[in-house]
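[1] from the sequence below, what's the structure:
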Amino acid sequence: MAERIRVAKEKRRVKNDNFREENGYSWDIVFVFEVYKENDRLTAAQSKYSLKRLLRELADGGLQTRLFYSVQADEVYCKVRVPLHRLEKEADRVDMKLKLDPIKLKELCKEGRPGLWPPVTIPDECVETPYSPYDYIYAKYECGRPDVADLYQRYENGTVFRGVDRLKLIYGIIAAKKYEGGCNLDIYKLLQQKCMIGFFPLHDHVELRTLEEKWLQFFQFPWNQPVDDIKNYMGEKIGLYFLWLGHYTSWLIVAAVVGFFAWINVATEGNDPNAAVMPYFAAFMGFWSTLFLEFWKRKENLYAMKWGMEGFEEEEQPRPQFIGEKRPSPVTGKPYLYFPRNEEQQRLFQSSIVISGFICIVIGAVVAIFIIKLTLSQIKSLTLGEMQLGSTIAAILNAIQIQVMNMIYGDIAIKLNDYENHRTDTKYEDALISKTFVFQFVNSYASLFYIAFVKPFIPTLDPCIDSCMQELQTNLGTIFLTRLAIGNFTEVLVPYIQSYLKEREGTKGATAELSEVEKTFYQPEYHVMLGTFDDFAEMMIQFGYTTMFVAAFPLATVMSFVNNYIEIRVDAWKLCQVCRRAEPRSAEDIGTWHGILEIMSLFAVITNAALVAFTGTYTDDYRWVVRVWIFICFAGGIITINALIAIAVPDVPPEVDIQLKRQEYLVGKVLDNIQDEDEEGLTQGLSTKVDYTVLETDNDPL
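    Numbering: from 1, shown residues only. Just a heads-up that it's a prediction; the model follows:
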């Protein structure tokens, strides 16, 4: 790997690039345009947004371009870069937060600014926090301030902007309105209208090879991922996903070990999921899920501080796709886009009707599958040894139905979300998560709820095979394994095959070798929003299978750990070597996914308590009143203890709170020159002369 880094650096050295020598970087983004033939009929959008017009818009925004033909001369590639001074103006416009150099910040604080504020002395060592007062301090970038220009941390390219910062700023310039100095181009709409056929950021091969050397290792503990390097190359959003996945996988180690011993107990009792250890294991998983979430909150807040993302959502810029009426802001008076509240509510209501319709379709599909299972169970010849195959076939059909309905609804959910017109990317994604989760929850777990909590009470209509706990175990194991097989196939092989076929078709008859840019064009896209969205959604459903019915299938924890360990390796390989470079995005937290995890943890306690009290054979000798009380005490006790755990474990570690207060104080000094209140000066001149005279009467009117 070190040799690949050396080769990448050598290629840059031999290439005489004055722009790179002056600015520390070069081409960052590529547009791809189709070469039209004389007899091609163009749409109105294609005629309006011609290559010439788009080049003018980019130039007006301060972007430099370079054009070249593909090897078959049927496409034109347009590479884009931005001079450093233009990046500085854009960073100032959007108030981009950049990290301050701790050494220079400390030196300035020790010297102070004569006439503005005196020297500041903060002890380097403090028992309350392991961090230096000057570490992880971020401040908005201000152009044209020579007094603070040297304070911002400089990177290997010699500038204050990392590669991800440049890409964020370039995307911002392209999308910004004309009155903001931007190009006013909605790239994703232009792609949909076929005005261009490609748009993607370029890999930096030196940075990429360095990241691969640290990350693409088969044997690596999940907590040892280079998340800071991932964040620095792919943005905070993707970095946060891998931080969460590593945290989840690390915590699964404990659950997997306990689950494995619980499974051994089940196996020694004839593979009966009603083994005596299962209620205790179900209680353990209830506590585990709460501890996992509470410590994730702490880690999330810690990295939001370390990565300078604290408060990002309050400062987020509107989406280019957001549609509204241009009006003066009622707060600042500056132009902003207004969208009526009543229309927003109306669109949300219309979306909810469509979602409800799809949920009804899913319930109908689940009912149909169980009717098929009942029919197949009547066929005596449909057996393998002593095992009746009707239930297994139905479970496989159910797993396939889950995958197919998820894919169909995924496209519908995106269209509904686009229609709702959300202002920022964070709000857009939170809305997409909410509507997708409701559907996927019903789609993924409806059949399991039916087996666990409906079939035990209709034995004459739909009897369980052996026992309902055993049928639940079979179905859950089948669905789990089928999802893993289909998921890994669609995630790894399908994009690779599509990329291969696309490149072969696009270069048919070509004699020249493809350039690096052309090879990138034929790679599959890792969508900036839907990429991490799909990855998170997959993990959320897995989390439900791992926790919600664990009383019937303890091996789910082991299977989840193994899957996640491989998932980290596969996702790393996919992002580094299979897909184009992802568009970097900022993110403060995992958003609505956290609320979903809390809901599923609560459901896990309730469902496992119900499995123990009603579905299993543990309480068969008790009356129904006693079984209900067992359920209430089991679930209520765990929920109460979990609530106490949540109170005892603060979401924000004390050292994070201290560092954020230091940031507010130090940035106020070095950027805004805020003076400390002179307490001695405030107390001077307060005393008055004592009057000992006592008057005979008081005649002052009130």
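
[2] run a quick neighbour tally on Tyr179.
    Using other CB atoms under 10 Å, Tyr179 has 10 neighbouring residues. To be clear about C-beta, it is placed using only N, CA and C from the backbone, and glycine gets the same treatment.

[3] so how far is Ala556 from it?
    55 Å (CB to CB, to the nearest Å).

[4] Cys143 too?
    In terms of CB to CB, Cys143 sits 54 Å off from Ala556.

[5] the more surrounded of these two?
    Ala556 (26 against 13).

[6] that one and Ala262 touch, don't they?
    No - contact criterion CB atoms under 8 Å: Ala556 and Ala262 do not qualify, at 10.6 Å.

[7] where do the helices of the stretch 51-200 of the chain begin and end?
    51-60, 84-93, 102-111, 163-175, 187-192 (DSSP state H, counting those that start in this stretch).

[8] contacting residues for the residue nearest to Gly112 when sequence neighbours are not counted?
    Closest residue to Gly112 in three dimensions, ignoring its sequence neighbours and counting by CB to CB, 6 or more residues apart in numbering: Pro119, at 4.0 Å. Pro119 makes contact with 109-112 under the criterion CB atoms under 8 Å, 6 or more residues apart in numbering.

[9] just the buried residues of those.
    With burial judged by 16 or more other CB atoms under 10 Å, the buried subset of the contacts of Pro119 is Cys109.

[10] need the contacts of Pro119 in JSON lines with distance to Trp307, can you?
    Below are these laid out as JSON lines (distance: CB to CB, whole Å):
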{"residue": "Cys109", "distance to Trp307": "23"}
{"residue": "Lys110", "distance to Trp307": "27"}
{"residue": "Glu111", "distance to Trp307": "29"}
{"residue": "Gly112", "distance to Trp307": "29"}
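
[11] switch the contacts of Pro119 over to CSV; also include distance to Ala648 and pLDDT.
    Formatted as CSV, those follow (distance: CB to CB, whole Å; pLDDT from 0 to 100):
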residue, distance to Ala648, pLDDT
Cys109, 36, 92
Lys110, 40, 91
Glu111, 44, 89
Gly112, 42, 88
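
[12] and which of the contacts of Pro119 is nearest Ile355?
    Closest approach between those and Ile355, by CB to CB: Cys109, at 54.2 Å.

[13] so that closest one touches Trp117, yeah?
    No - under the criterion of CB under 8 Å, Cys109 makes no contact with Trp117, lying 9.4 Å away.

[14] list residues touching both of those two?
    Lys669.

[15] and the helix ranked longest in the chain, what other elements does it pack with?
    Longest helix in the chain, counting residues (DSSP state H): helix 341-377. Judged by 3 or more CB pairs under 8 Å, 6 or more residues apart in numbering; DSSP states H and E, helix 341-377 is in contact with helix 390-420, helix 425-453.

[16] for Asp165, which of those helices is the nearest?
    Using CB to CB, the helices and strands packed on helix 341-377 put helix 425-453 closest to Asp165, at 17.1 Å.

[17] now do the closest one against helix 341-377, angle only.
    30 degrees (axes from the mean of the first three to the mean of the last three CA atoms, to 10 degrees).

[18] can you list the low-confidence ranges for the chain?
    For the chain, residues meeting the criterion pLDDT under 70 lie at 1-2, 7-10, 12-14, 315, 380-391, 506, 508-511, 677-686.

[19] residue ranges for the strands of this structure, please.
    Counting by DSSP state E, the chain has these strands, from start to end: 29-34, 64-69, 75-81, 97-99, 138-140, 198-201, 325-328, 335-338, 383-384, 387-388.

[20] show me what counts as buried in the second one.
    By neighbour count, with 16+ other CB under 10 Å as the criterion, strand 64-69 contains no buried position.

[21] all helices for the stretch 501-650 of the chain, in order.
    Using DSSP H, counting those that start in this stretch, helices in the stretch 501-650 of the chain cover 516-521, 530-547, 555-573, 592-610, 624-648.

[22] now these in a markdown table, with distance to Arg162?
    Output for these, formatted as a markdown table (distance: least, CB to CB, whole Å):
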| stretch | distance to Arg162 |
| --- | --- |
| helix 516-521 | 20 |
| helix 530-547 | 20 |
| helix 555-573 | 20 |
| helix 592-610 | 26 |
| helix 624-648 | 36 |
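
[23] so which of the ones you listed gets nearest Leu191?
    Closest approach to Leu191 among those (CB to CB): helix 516-521, 12.9 Å.

[24] what helices and strands are in contact with the closest one?
    Applying 3+ CB pairs under 8 Å, 6+ apart, one finds that helix 516-521 contacts strand 29-34, strand 75-81, strand 198-201.
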